[in-house]
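A.B. asks: Next one to model:
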Amino acid sequence: MKLKACKLEIAPSHISLIADELGLKEKQVNSVALMIAQDATVPFIARYRKEATGSLDEIAVTAIRDRFKQLDELDKRRESVIKSLEQHGHLTEDLKKEVLTAETLASLEDIYLPFKPKRRTKAAIAKEKGLEPLALMIFEQAGNDPFVEARAYVDAEKGVNTPDEAVAGARNIIAEIINENEQARSKLRFLFSKKGIINSRVISGRESDGIKYRDYFEWEEPVAAAPSHRILAIRRGEKEEVLNLSIAPQEEAAFQILYELFIKGDSEDSNQVKIAVSDCYKRLLSRSMETEIRVASKEKADYEAITIFAENLRQLLMEPPLGSKRVMGVDPGLRTGCKLVCLDRQGKLLAHDTIFPHTSGKTILESEKKVKKLCMDYKIEAVAVGNGTAGRETESFFQKLDFLKDVPIIMVSESGASIYSASEIAREEFPDLDITVRGAVSIGRRLMDPMAELVKLNPKSIGVGQYQHDVDQSALKESLDDVVMSCVNRVGVDVNRASSQLLAYVSGLGPKLARNITDHRNKNGPFQSRAELKKVQRLGAKAFEQSAGFLRIFNSENPLDYSAVHPESYHIIYKMAENLGCSINDMIKKPEMRKKIDVAAYVTDNIGIPTLNDIMAELAKPGRDPREKFETFSFANGIEKIEDLRSGMKVPGIVTNLTGFGAFIDIGVHQDGLLHVSKISDRYIKNPADVLKVHQHVLVTVLDIDLERKRISLSMQYEIA
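C.D. replies: Below you'll find the predicted structure:
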């Protein structure tokens, strides 16, 4: 019996395989499989079902889910192959056994290849001419003279006019036999993957058009060692018809494999087989293997790029929030002015205006007056300035205002803000506002709570990826969605303040239920308890089970409602309080009360020590935000454009993006500098993420400035911040 889950089939036979691959117990894998089959989410399984999984974390649960999906795809392909073999009369018990035991898609396709319906190939045409017996005789290499034997196959009516033509046709059949040989394909596949050389050359006449690819105009390296960013860059150059790309090992190594497999001697029939081997490799096998290694190297590069993107996104989403402050959001501009918005502590728009602080003295004075009035009227506690065009100049303007000397002026990334401004989400909330005003709102809210604002965007538009448009888009979306869901549920969501976009990422909800929650909230007022969520339209028992522990209700009379304790465990805490003779609030506020609790006394069939330990940790700090404390940051004074830089300068910066080859650093000059992986640390590091994370504050040294190409080279050696 198979369990249906997430549109894939979970076969029990896969349990032991996955357990062995991941180094887990079969019981753990089976428990995860059962819960996935019942539509449980990864965050829920990892957080609230530790007893069942043996305390597997989200990474392990996700790995189990994804491996089941891969095996499900293999099973479906097996079914398709068996059906095709049966339809065409090829299926035997032995062949069926081979298909059912194939461990990879590649090996499955090798088994199927000889029986796969084909186009009218050279071999097929030769078979139509009756040359297959001659081909098999030559391939046997018994010492016969092929050209003598071929005389019997000369038939003008069939299109075979000479013995040479007959032998040539036979060689085509032999070439196809070799091409479809499972052992030959397996050995060559290994050779291409381990010894293949990726070769890139510029297409004649495209040198000037493809200047950004000039590093790859004459490039070669082992494909097994090529980093993901290089493979993706070369493939993009090929797609744009700037580069020619090929991947192949040394021909001699390939021929050696084939000769050892198929050449039995040095007679004339062996010589014909040798010619067929050469033809097969150059015309069929090399092309087929190159296609496979292209796909395999692309999949590997995609995986690495997606992994980098996902980790960057995780760090960005978990960036410390300023918190509930009255914020002025500023979308900088020169000619069109700077758009100002004033937001209350919940991010609600209170007022908006436009100032022109970068023109004449009169308009600068008017701008100062407007800012002062808005700050006084709405008691502004922080100013968020977008880091786009005129960002540094606008930051300087605000920093010079005496009445803001005690108010933090903070540069905020605008990445994705313009996309949000033009989105349906922004139009729905602010139908009558200009997109630049919506952008200022987004900038202000991003300072207050980066995650709550960033979830409104397609993660690809946030700007922390590496060749994100070149990788498998389905795999990218799935990975990024997993990251967003993981982060949202790790932090928890204030159900009475959250947007429907944020609620949609809560375990067990999704867009429709998220919208139903906000509609219910708008109609009936704030939720007073978690139990009240059950009144939301279509939010049934399953959705409540999956989501309740991640939803926070800070105005609830029950303090557990704003903690990460799941409602299914409330009865245990009630029992603890009863045994202690105190209230739940006393348990939370008084550590000495919690120290009296022997958690082992509360173990049940369903709740064990892992969950009880989580409960105790939550009682110590209910609803604690796992994100770090917010820290202000300032760029170097007087360094506002690339022309202000000099080699040897030491300047503060913020990591904006991590890639496989280094990090990009914003140093406040409207052009990120490149901190190459070799310049990050005094010790050797392979991965920039081993030392840095997105939005980390660093101190870097300017190595080189290329004004023409607007490139800045940086170093952090001896300067770890």
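
A.B. asks: In which helix or strand does the residue nearest to residue 599 when sequence neighbours are not counted reside?
C.D. replies: Once flanking residues are discounted, residue 599 sits nearest to residue 612: 4.1 Å by C-beta to C-beta, 6 or more residues apart in numbering. Quick note: C-beta positions are derived from backbone N, CA and C, even for glycine. For residue 612, the host element (DSSP states H and E) is helix 609-620.

A.B. asks: I'd like the distance from that helix to the chain centre, please.
C.D. replies: 32 Å (C-alpha atoms, centre = their mean, to the nearest Å).

A.B. asks: okay, now residue 353: neighbour count?
C.D. replies: A total of 17 residues lie near residue 353 under the criterion other C-beta atoms under 10 Å.

A.B. asks: Identify the residue spatially nearest to residue 288, adjacent ones excluded.
C.D. replies: Nearest non-adjacent residue to residue 288, counting by C-beta to C-beta, 6+ apart: residue 179, 7.2 Å away.

A.B. asks: Kindly state the domain boundaries assigned to this protein.
C.D. replies: Following automatic domain parsing, one gets these domains for the chain: 3-115, 122-309, 327-448, 642-715.

A.B. asks: So which of these is nearest residue 481?
C.D. replies: Nearest of these to residue 481, taken as C-beta to C-beta: domain 3-115 at 10.7 Å.

A.B. asks: picking up where we left off before, please name every helix or strand in contact with the helix or strand following the helix holding residue 612.
C.D. replies: Later in the chain than helix 609-620, the nearest helix or strand by DSSP H and E is strand 650-658. Judged by 3 or more C-beta pairs under 8 Å, 6 or more residues apart in numbering; DSSP states H and E, the packing partners of strand 650-658 are helix 286-317, strand 662-666, strand 697-706.

A.B. asks: winner for burial among those?
C.D. replies: strand 662-666 (a mean of 24; mean count of other C-beta atoms under 10 Å).

A.B. asks: Neighbouring strands of it in the sheet, and parallel or not?
C.D. replies: Here strand 662-666 is paired, per DSSP bridges, with strand 650-658 (antiparallel), strand 673-676 (antiparallel).

A.B. asks: outside of the longest one, which residues touch it?
C.D. replies: Taking contacts as C-beta atoms under 8 Å, 6 or more residues apart in numbering, the residues outside strand 650-658 that touch it are 308, 311-312, 413, 415, 463-466, 633-636, 639, 645, 663-668, 672-673, 688-689, 692-702, 714, 719, 721.

A.B. asks: so where's the chain shaky on pLDDT?
C.D. replies: 1-10, 718-721 (pLDDT under 70).

A.B. asks: do you know how far residue 634 is from residue 641?
C.D. replies: 17 Å (C-beta to C-beta, to the nearest Å).

A.B. asks: What of residue 705?
C.D. replies: Taking C-beta to C-beta, one finds residue 705 at 11 Å from residue 641.

A.B. asks: Dump the helices and strands packed on strand 650-658 into TSV; add distance to residue 51 as well.
C.D. replies: Putting those into TSV (distance: least, C-beta to C-beta, whole Å) gives the following:
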stretch	distance to residue 51
helix 286-317	27
strand 662-666	41
strand 697-706	41
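
A.B. asks: Go through the ones you listed and name the closest to residue 508.
C.D. replies: With C-beta to C-beta as the criterion, residue 508 lies closest to helix 286-317 of the helices and strands packed on strand 650-658, at 19.5 Å.

A.B. asks: My read is that residue 200 contacts residue 237, right?
C.D. replies: Yes - using C-beta atoms under 8 Å, residue 200 is in contact with residue 237, at 7.2 Å.

A.B. asks: Strands along the stretch 51-200 of the chain, start to end?
C.D. replies: Secondary structure of the stretch 51-200 of the chain (DSSP state E, counting those that start in this stretch): strands located at 197-202.

A.B. asks: neighbours around residue 76, how many?
C.D. replies: By the criterion of other C-beta under 10 Å, residue 76 has 12 neighbours.

A.B. asks: Equivalent analysis for the one 5 residues further on, please.
C.D. replies: Applying the criterion other C-beta under 10 Å, we find 22 residues in the vicinity of residue 81.

A.B. asks: ok, now which ones touch it?
C.D. replies: Taking C-beta under 8 Å, 6+ apart as the test, what residue 81 contacts is 99, 108, 111, 112.

A.B. asks: Quick check, residue 305 in contact with residue 467.
C.D. replies: Yes - counting by C-beta under 8 Å, residue 305 does reach residue 467; the two are 5.5 Å apart.

A.B. asks: rewinding a little: closest to residue 608 among the contacts of residue 81?
C.D. replies: Closest approach between the contacts of residue 81 and residue 608, by C-beta to C-beta: residue 108, at 41.9 Å.

A.B. asks: For the closest one, give me its contacts.
C.D. replies: Neighbours of residue 108 in contact, by C-beta under 8 Å, 6+ apart: 74, 77, 78, 81, 99, 102.

A.B. asks: Equivalent analysis for residue 492, please.
C.D. replies: By C-beta under 8 Å, 6+ apart, the contact set of residue 492 is 550, 551, 552, 564, 623, 625.

A.B. asks: List phi and psi for residue 607.
C.D. replies: Backbone torsions of residue 607, given as degrees, to the nearest 10, read phi -120, psi 120.

A.B. asks: chain center to stretch 544-551: distance?
C.D. replies: Worked out by C-alpha atoms, centre = their mean, stretch 544-551 lies 25 Å from the chain centre.

A.B. asks: Verify the contact between residue 375 and residue 407 for me.
C.D. replies: Yes - in this structure residue 375 lies within contact range of residue 407 using C-beta under 8 Å: 7.4 Å.

A.B. asks: hang on, the earlier thing: for the helix holding residue 612, packing partners?
C.D. replies: If contacts are counted by 3+ C-beta pairs under 8 Å, 6+ apart, helix 609-620 sits against helix 50-53, helix 570-580, helix 584-589, helix 591-594.

A.B. asks: Run a quick neighbour tally on residue 322.
C.D. replies: Here the number of neighbours of residue 322 (other C-beta under 10 Å) works out to 20.

A.B. asks: so is it in a helix, a strand, or just coil?
C.D. replies: At residue 322 the chain is in coil, as set by DSSP: H, G, I helix; E, B strand; the rest coil.

A.B. asks: how would you label residue 384: helix, strand or coil?
C.D. replies: Relying on three-state DSSP, one would call residue 384 strand.

A.B. asks: and the closest residue to it other than its chain neighbours, how many neighbours?
C.D. replies: Nearest non-adjacent residue to residue 384, counting by C-beta to C-beta, 6+ apart: residue 447, 3.9 Å away. Per other C-beta under 10 Å, the neighbour tally for residue 447 reads 26.

A.B. asks: now do the one 4 residues further on
C.D. replies: As a burial measure, residue 451 scores 21 neighbours (other C-beta under 10 Å).

A.B. asks: CA atoms of the helix or strand harbouring it as CSV?
C.D. replies: Here residue 451, judged by DSSP H and E, is contained in helix 450-454. Backbone C-alpha positions of helix 450-454 (Å, rounded to 0.1, in the frame of the first residue of the first chain) are rendered in CSV as follows:
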residue,chain,number,x,y,z
PRO,A,450,12.2,42.9,7.5
MET,A,451,10.5,39.6,7.4
ALA,A,452,7.0,40.9,7.5
GLU,A,453,7.7,43.1,4.5
LEU,A,454,10.0,40.8,2.5
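
A.B. asks: quick one: contacts of that helix?
C.D. replies: With contact meaning C-beta under 8 Å, 6+ apart, helix 450-454 is reached by 316-319, 321, 347, 416, 420, 442, 445-446, 462, 487-488, 491, 498-499, 502.

A.B. asks: give me that answer again for 6 Å
C.D. replies: Helix 450-454 is contacted by residues 317, 319, 442, 445, 446, 502 when judged by C-beta atoms under 6 Å, 6 or more residues apart in numbering.
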